[in-house]
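Colleague: structure for the following, please:
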Amino acid sequence: MATRKIAVLVGSLRKESYTRKVAKTLMLLAPPALEMEIVEIGQLPMYNQDLDTAPPAAWTEFRNRIREADGILFCTPEYNRSIPGVLKNAVDVASRPYGQSAWNGKPCAVVSVSPGAIGGFGANHHLRQCLPFLNMPCMPAPEAYVGGIAGKVDAEHVSDESTRKFLQSFIDAFAPWVERHAD
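Modeller: Sure, this is the predicted structure:
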């Protein structure tokens, strides 16, 4: 299996983000075939089609980082039964200009995180609604909804052993998914 570059997008900007801790844990648990790196999205100016003629440098850099990736791991909290605006903005920025989407053909997976019991189910599925239009094959299973996250983390990572085991099975399934669908 070839080494594949994975862009990890974290939909939470909060300093003590549970979502970032889950992403970091997945990166630690990843098999050697996945070279994972968080691609920051908080600095992206809001998408405005008028700017596509002379795009902001942050857009160009972000689009290039997505193009260079072999796959994408979306890690998102749930805000009001949906994804955070910063993550939707990143999706929009890299999908434009129309016909030049950086997402095109990139295999992906979605992990949602919530202090609540249902683990961000709404955010997970809301994000998944965008992915077919972007031509992104999204790993269908195992689905990852991490609920009750506040009691499952330490200062940097997921500390709960059963959650770590689940995340291990998730990232172990993601590696062959990327290999199967990457160009």
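Colleague: now the longest helix along the chain: how far from the chain's centre is it?
Modeller: Of all the segments of type helix in the chain, defined by DSSP state H, the longest one is helix 161-181. Computed by Cα atoms, centre = their mean, to the nearest Å, the chain-centroid distance of helix 161-181 equals 14 Å.
Colleague: backbone dihedrals for V110, please?
Modeller: Backbone torsions for V110, taken as degrees, to the nearest 10, come to phi -130, psi 130.
Colleague: quick check: closest non-adjacent residue to the residue nearest to the spatial centre of the chain.
Modeller: Per Cα atoms, centre = their mean, the C-alpha nearest to the average position across the chain is that of F74, at 1.2 Å. Once flanking residues are discounted, F74 sits nearest to V110: 4.7 Å by Cβ to Cβ, 6 or more residues apart in numbering. In short, each C-beta sits where N, CA and C put it, glycine included.
Colleague: mind checking pLDDT for that neighbour?
Modeller: On pLDDT, V110 comes in at 98.
Colleague: A2 now?
Modeller: For A2, pLDDT reads 82.
Colleague: what is the burial count for it?
Modeller: 8 (other Cβ atoms under 10 Å).
Colleague: distance check, it against E35.
Modeller: Distance from A2 to E35, counting by Cβ to Cβ, to the nearest Å: 10 Å.
Colleague: ok, now G105?
Modeller: 19 Å.
Colleague: so where does R67 fall, helix or strand?
Modeller: Using DSSP states H and E, R67 sits in helix 57-68.
Colleague: check which element follows that helix along the chain.
Modeller: Next helix or strand after helix 57-68 toward the C-terminus (DSSP H and E): strand 71-77.
Colleague: what pairs with that next one, parallel or antiparallel?
Modeller: According to DSSP bridges, strand 71-77 has the following sheet partners: strand 4-10 (parallel), strand 108-113 (parallel).
Colleague: wait, what's in contact with N124?
Modeller: Shown in contact with N124 (Cβ atoms under 8 Å, 6 or more residues apart in numbering): T76, E78, V110, V111, S112, E143, A144, Y145.
Colleague: is the last one in a bridge, and if so with what?
Modeller: Residues found in beta-bridge contact with Y145 (criterion: DSSP bridges) are S112.
Colleague: going forward, count from 666.
Modeller: With 666 as the first residue, the last one maps to Y810.
Colleague: that one: neighbour count?
Modeller: 20.
Colleague: G781 is in contact with that one, correct?
Modeller: No: the criterion here is Cβ atoms under 8 Å, and Y810 misses it with G781 at 10.0 Å.
Colleague: residue with max distance from the center of this protein?
Modeller: Quick read of the chain (Cα atoms, centre = their mean): farthest out is T718, 27.4 Å.
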